[in-house]
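Trainee: Give me coordinates for this.
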Amino acid sequence: MGRNRHIVYIIIAITGLSAIYLIAFNGLEQSLPLNKFEKNITHVSLQQSDTKKVHLYFADKDHSFLKAEERAIFQSSDPAESGKTIIEALIKGPLESLMRTIPVGTTLRAFYVTQDGTAYVDLTEEVKERHPGGIKTELITIYSIVNSLTLNIPEIDAVKILIKGHESMTLAGHIDLRFPIKANMLLIR
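Mentor: Prediction:
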């Protein structure tokens, strides 16, 4: 009888442990959707933090100075990707009460950054053909591009503007575009 009692106790213990295991496993299984949900929340908030604030420089009402407009853009570890996004936002124009600096119809043909920190911005011919002209307006257009890139992307030190894949002497007859241009803080208000 003693031996049968031990076998019954072992069977009861195994059954009890199995029941505890099943209860725990079912509890874990029921909490998995919550954990997956929590992981998705974390993933979404990480994606939202993949944006960074930049200052895009547009003209004031008189086209005399540049004023910053803050925007949130997708943050990329590649300066060329960030640069493309900034130029495309400049081409679309301001969201606030500022004035556009790049003529309507202009598109970005190519954008790349060299190892020495020079960004090459290749724009379509509309940037030249539709430009209103004048030295001040030409300065504003050029430094809208240059300042928006160099002041927001640390890897970019200077900007070379190309038109339709080629070097151009000027944009509208006044400012020499043959050499890379650095930021001009004096035009910002």
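
Trainee: and the most centrally placed residue in the chain, what is it in contact with?
Mentor: Closest to where the C-alpha atoms of the chain average out (C-alpha atoms, centre = their mean) is residue 74, at 2.6 Å. Residues counted as contacts of residue 74 (C-beta atoms under 8 Å, 6 or more residues apart in numbering) are 50, 51, 81, 82, 85. C-beta: built from backbone N, CA, C; applies to glycine.

Trainee: Go ahead and build a PyMOL selection from the buried members of those.
Mentor: Selection of buried members from the contacts of residue 74 for PyMOL, criterion 16 or more other C-beta atoms under 10 Å:
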select buried, resi 82+85
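
Trainee: Quick check: the two most widely separated of the contacts of residue 74?
Mentor: Longest distance between any two of the contacts of residue 74 is 13.0 Å, between 51 and 81; criterion C-beta to C-beta.

Trainee: which is the next helix or strand following the helix or strand of the chain with the lowest mean pLDDT?
Mentor: Scoring the helices and strands of the chain by mean pLDDT, DSSP states H and E places helix 2-48 at the bottom, with a mean of 57. Read in the C-terminal direction, the helix or strand following helix 2-48 is strand 51-59, with elements assigned using DSSP states H and E.

Trainee: Using CSV, list the CA coordinates for that following strand.
Mentor: The C-alpha trace of strand 51-59 is given here as CSV (Å, rounded to 0.1, in the frame of the first residue of the first chain):
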residue,chain,number,x,y,z
THR,A,51,12.2,63.5,-38.4
LYS,A,52,14.3,66.5,-37.6
LYS,A,53,13.6,70.2,-37.6
VAL,A,54,15.3,72.3,-40.2
HIS,A,55,15.2,75.9,-41.1
LEU,A,56,14.4,76.7,-44.7
TYR,A,57,15.2,80.2,-45.9
PHE,A,58,12.6,82.0,-48.0
ALA,A,59,12.4,85.7,-48.9
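
Trainee: Mean confidence (pLDDT) on it, please.
Mentor: When pLDDT is averaged over strand 51-59, the result is 96.

Trainee: list the buried ones in it?
Mentor: Applying 16+ other C-beta under 10 Å to strand 51-59 flags 54, 55, 56, 57, 58, 59 as buried.

Trainee: Can you tell me which of those residues lies closest to residue 160?
Mentor: The closest of the buried residues of strand 51-59, once distances to residue 160 are taken by C-beta to C-beta, is residue 57, at 17.9 Å.

Trainee: Surely the closest one is in contact with residue 139?
Mentor: No: Residue 57 sits out of contact with residue 139 when judged by C-beta atoms under 8 Å, with a separation of 11.8 Å.

Trainee: still on that earlier bit, list just the nearest of the buried residues of strand 51-59 to residue 179.
Mentor: Nearest to residue 179 among these, with distances taken as C-beta to C-beta, is residue 57, at 20.5 Å.

Trainee: need the contact list for that closest one.
Mentor: 66, 67, 68, 69, 101, 143, 144, 147, 148, 151, 188.
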